[in-house]
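Peer 1: What shape does this take:
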Amino acid sequence: MASIKPHIETKRFILRELDDLDEADLFEMDSDPEVHVYIENNPVKSMDEIRHAIAFLKKQYTENGIARWAVVDKVSSECVGWCGLKYFREPLNNHVNFYELGYRFKKKHWGKGYATEAASAVVEYGFKHLAVDMIYAITHPDNVNSKHVLSKLGFHYVEQFDYDGDPTDWFELKWADWGR
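Peer 2: Presented below is the predicted three-dimensional model:
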């Protein structure tokens, strides 16, 4: 029996597994240097890099049952970005075996509330369907917009840590505090 793939709907979006049909939209997003200012400053340069990233996500779907999902506009069918939970099996900031919320959107869609809407649905999925007690998030200390999204979702700043030589802010949201 085949398993049912997660599918989430919000007011404006469908969130689903990323696939090969999303290559062009992901390339548009991830080749933009401004999108990568707070994430290693290393925009992609080829479709092969995008194909590799999609293959990596497909492996995460198989191994962990979840990964980042495409955020698809219901009206235009455009993949405007991605949002989802990544399962960390390896240690990060003295934590292991945990879910981390992440999101990334095309620059032309910044400031429209897309990250908040999609991430809110993903957090709800994590707490209600995965029954996790805690969801974590990380962001660059200067990424004011991302920190604003996390704050609106109820995440609390915990500390700054060193992530591969870069200062990184660590946030958490406990199930018990969610929605308060």
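Peer 1: For the residue nearest to the spatial centre of the chain, give the beta-bridge partners.
Peer 2: Nearest to the mean C-alpha position of the chain, by Cα atoms, centre = their mean, lies residue 102 at 2.5 Å. Going by DSSP bridges, residue 102 is paired in beta bridges with residue 84.
Peer 1: State the pLDDT value of it.
Peer 2: Predicted confidence (pLDDT) for residue 102: 97.
Peer 1: and what of residue 40?
Peer 2: 81.
Peer 1: and it, which of the three is it?
Peer 2: coil (DSSP: H, G, I helix; E, B strand; the rest coil).
Peer 1: What mean pLDDT does the helix of greatest length in the chain get?
Peer 2: Counting by DSSP state H, the longest helix found in the chain is helix 47-64. The pLDDT scores in helix 47-64 average 95.
Peer 1: So what touches it?
Peer 2: 5, 17-20, 22-23, 26-27, 30, 44, 66-68, 86-87 (Cβ atoms under 8 Å, 6 or more residues apart in numbering). Glycine gets a C-beta too; all of them are placed from N, C-alpha and C.
Peer 1: next SSE after it?
Peer 2: strand 68-73 (DSSP states H and E).
Peer 1: in its sheet, what does that following strand sit against?
Peer 2: strand 13-17 (antiparallel), strand 79-88 (antiparallel).
Peer 1: any chance of these in JSON lines, with distance to residue 129 and mean neighbour count too?
Peer 2: Output for the strands paired with strand 68-73, formatted as JSON lines (distance: least, Cβ to Cβ, whole Å; neighbours: other Cβ atoms under 10 Å):
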{"stretch": "strand 13-17", "distance to residue 129": "12", "mean neighbour count": "19"}
{"stretch": "strand 79-88", "distance to residue 129": "10", "mean neighbour count": "23"}
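Peer 1: quick one on the thing from earlier: give me the buried positions along the longest helix of the chain.
Peer 2: Neighbour-count burial for helix 47-64 flags 49, 50, 53, 54, 57, 60, 61 (criterion: 16 or more other Cβ atoms under 10 Å).
Peer 1: Go ahead and confirm residue 127 touches residue 134.
Peer 2: No: the pair residue 127 / residue 134 is not scored as a contact, 9.5 Å apart, by Cβ atoms under 8 Å.
Peer 1: list the residues that contact both of the two?
Peer 2: Both residue 127 and residue 134 are contacted by residue 175, under the criterion Cβ under 8 Å, 6+ apart.
Peer 1: More neighbours: these two, which one.
Peer 2: Ranked by neighbour count (other Cβ atoms under 10 Å), residue 127 and residue 134 place residue 127 first, with 19 against 16.
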